[in-house]
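> here's a sequence, model it:
(one chain, ligands or ions: 1)
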Amino acid sequence: ASLWLVVPAAGQGRRVGAERPKQYLPLAGRPVLARTLERLHEAFPEARLCLCLDADDAWFDPAWVPFADWRRSPGGAERAESVVNALDAIAADATDDDLVLVHDVARPCVTVADLTRLLAAIVDDPVGGLLAAPVADTMKRDDGAGRVRATESREGLWHAFTPQGFRLGLLRRALGEAQARGVAVTDEASAMEAAGLSPRLVSGRRDNLKITHPEDLALAERVLSAQQR
Ligand code: C5P
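Numbers count the residues shown, from 1 in each chain. Prediction:
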C-alpha cells in the first residue's frame, strides 16, 4: 500500500492580511509552502503527494516540491472540498486501503518526530487518527456581546492539529456523506466522527501552530529556529 500526502494549499489566507496568500509569505527566507513540504519530505521521502492549489494561483513554483511523485488538484470553495478534489485525483492510482495523511500547508512547524509517531500510531488502526494536544487554558463561552456567559470545562478537550491520517476508502466515503448531508467539516476527523467513527488522538507538540494571523509568521520563525538548536 502507498502512503499519500494531501496538502490543502488552496486557501486565500485573508486573515493574515498580506498581499499574497499566506502559504507564499516568506518564513525564514523560504515560502511557507516550501517549508511545509520540506518537513513532510524529510519524514516521508517516498510518499506520494497531492497538492490542492487554486486554479488561479499565480504564486506557486513547482521547484518548491521535493517529492518525486506528485500531482496537483483544484481547490474547492471550502477546505473540505479541496480535500475531496484531491482524494478524487489520487483515487485512480490508489487503493481504498492506502493511508492518506492530510496536512495543512499553513503548519510548517510540524516536526519529523511527530510525523513519524503519528504514522506509527495509526498505521494498524482501523479508524486512523490525528495529532492533537490537550487544552491548557480555561475555556470561556461568550454571550454574543463580548462578555462571558459561562466557563466551559476543559476536561477532555483537545486542540486538533494536522496531519490527520485515514484510509482512502473510509475518508472518501465519510467526506462524501458529510457533504451530502450538509454537515460542516473543518477537518477530516469531523467527517469520520459524523460517520460514527472515533479517530485516535495522538499527542503532539503544541508548537505545531497554524499560520492564521499576521503575528503567527514571526512566532513560526522563532519555533523553527528553536527546533534547529
Ligand atoms: O484558512 P485555514 O487556515 O483554516 O485553512 C486551512 C488549510 O486549508 C490551509 O492549508 C488552506 O490553504 C487550505 N484551504 C484549501 N481550500 C480552501 C480553503 C482552505 O485548500 N478552499
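
> thought residue 12 was touching residue 21?
Yes: with contact defined as Cβ atoms under 8 Å, residue 12 reaches residue 21; the gap is 5.5 Å. C-betas here are computed from N, CA, C, even on glycine.

> which element is residue 150 on?
Element membership for residue 150, per DSSP states H and E: strand 148-152.

> from the rest of the structure, what touches that strand?
Contact partners of strand 148-152, identified using Cβ atoms under 8 Å, 6 or more residues apart in numbering, comprise 138-143.

> columns secondary structure, pLDDT and neighbour count on top of the residues you listed, output as JSON lines?
Shown next, in JSON lines, are the contacts of strand 148-152 (DSSP: H, G, I helix; E, B strand; the rest coil; pLDDT from 0 to 100; neighbours: other Cβ atoms under 10 Å):
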{"residue": "138", "secondary structure": "coil", "pLDDT": "97", "neighbour count": "9"}
{"residue": "139", "secondary structure": "strand", "pLDDT": "97", "neighbour count": "12"}
{"residue": "140", "secondary structure": "strand", "pLDDT": "98", "neighbour count": "11"}
{"residue": "141", "secondary structure": "strand", "pLDDT": "98", "neighbour count": "10"}
{"residue": "142", "secondary structure": "strand", "pLDDT": "98", "neighbour count": "10"}
{"residue": "143", "secondary structure": "coil", "pLDDT": "98", "neighbour count": "9"}
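
> buried set for stretch 174-191?
For stretch 174-191, the neighbour count (16 or more other Cβ atoms under 10 Å) marks 174-175, 178-179, 183, 185, 187-191 as buried.

> in the sheet, who's paired with residue 202?
residue 131 (DSSP bridges).
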